[in-house]
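Enquirer: what follows is a predicted protein model with its sequence.
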Amino acid sequence: EAGVTQFPSHSVIEKGQTVTLRCDPISGHDNLYWYRRVMGKEIKFLLHFVKESKQDESGMPNNRFLAERTGGTYSTLKVQPAELEDSGVYFCASSFAFTGTEAFFGQGTRLTVV
Amino acid sequence: EDQVTQSPEALRLQEGESSSLNCSYTVSGLRGLFWYRQDPGKGPEFLFTLYSAGEEKEKERLKATLTKKESFLHITAPKPEDSATYLCAVQAPQGGSEKLVFGKGTKLTVNP
């Protein structure tokens, strides 16, 4: 069974540019999460989709971040325009059910804004 | 606000030297406590979920336990391949949120 897949694995962009990260969850997982780890800090929640609907986007840092999950399958996270503080590792995770069910993580996308 | 504190930040062991990692948490209405292992350049890999105080789970050389305030990850006779960062996370669905709140992790190094 394929795991959670993220593209690209690395991205280096200049400040002010746009970057789009993609996540393909495990097939059949309705729940999809985005997390981010900034250097030296803990992994922090960004948002949660249930199918194509945003269940919780309380962790989104500002309106430069836009997440979508069209058709309830893969998801994209767009950062526009990127700032230096957006650098970090962005993780996507998916789970079959809600509360108390383990989430399976992708390998992450390392974003560097220069 | 939900908080998770892991200690120590880093731990070096000799192969075969057993030890424990700590995860202290402050949360209202714990729904689950999760342990993950993370290798460099990879995403967190699920290890255990604990739901209530007194619960224990084992997997090979790892054993996780849970009390009302903390969880321990016991590593018995570790091997070099157990070297990784171990992450603890809690889930407490307040207001409908299903998010995980993570600690910073414990970086474990097992020397041969």
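Expert: Thanks, I have the structure now. Just so you know, these numbers come straight off a predicted model, no measurement behind them.
Enquirer: tell me the buried residues in stretch A:67-85?
Expert: By neighbour count with 16 or more other Cβ atoms under 10 Å in any protein chain shown, stretch A:67-85 contains the buried residues A:67, A:69, A:74-75, A:77, A:79, A:82. All C-beta spots, glycine's among them, are computed from the backbone N, C-alpha and C.
Enquirer: narrow the residues you listed to those in strands?
Expert: Of the positions in the buried residues of stretch A:67-85, A:67, A:75, A:77, A:79 sit in strands, assigned by DSSP state E.
Enquirer: farthest-apart pair in the residues you listed, please.
Expert: Using Cβ to Cβ, the pair of those lying farthest apart is A:Ser75 and A:Val79, separated by 13.8 Å.
Enquirer: any low-confidence regions in chain B?
Expert: Within chain B, the stretches with pLDDT under 70 are B:94-96.
Enquirer: and the residue nearest in space to the middle of chain A, how far from chain B?
Expert: In chain A, the residue lying closest to the centroid (Cα atoms, centre = their mean) is A:Trp34, at 3.3 Å. Distance, A:Trp34 to chain B, by Cβ to the nearest Cβ, to the nearest Å: 10 Å.
Enquirer: can you verify my assumption that that residue contacts A:Leu77?
Expert: Yes. Using Cβ atoms under 8 Å, A:Trp34 is in contact with A:Leu77, at 5.6 Å.
Enquirer: what is in contact with these two at once?
Expert: Between them, A:Trp34 and A:Leu77 share these contacting residues under Cβ atoms under 8 Å, 6 or more residues apart in numbering or on different chains: A:23, A:46, A:67, A:90.
Enquirer: what subset of those is buried?
Expert: Neighbour counting by 16+ other Cβ under 10 Å classes A:23, A:46, A:67, A:90 among those as buried.
Enquirer: re earlier: dump the buried residues of stretch A:67-85 into TSV; add distance to B:Arg61 as well.
Expert: Below are these laid out as TSV (distance: Cβ to Cβ, whole Å):
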residue	distance to B:Arg61
A:Ala67	38
A:Arg69	38
A:Tyr74	36
A:Ser75	36
A:Leu77	36
A:Val79	40
A:Ala82	42
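Enquirer: now do the strands in chain A.
Expert: Assigned by DSSP E, chain A shows strands spanning A:5-7, A:10-13, A:19-24, A:31-37, A:43-50, A:53-56, A:65-68, A:75-79, A:88-95, A:104-105, A:109-113.
Enquirer: spell out which residues of chain A are next to chain B.
Expert: Along chain A, the residues adjacent to chain B under the rule Cβ under 8 Å from any Cβ of the partner chain are A:4, A:6, A:31, A:33, A:35, A:41-45, A:48, A:55-56, A:58-59, A:91, A:93, A:98-108.
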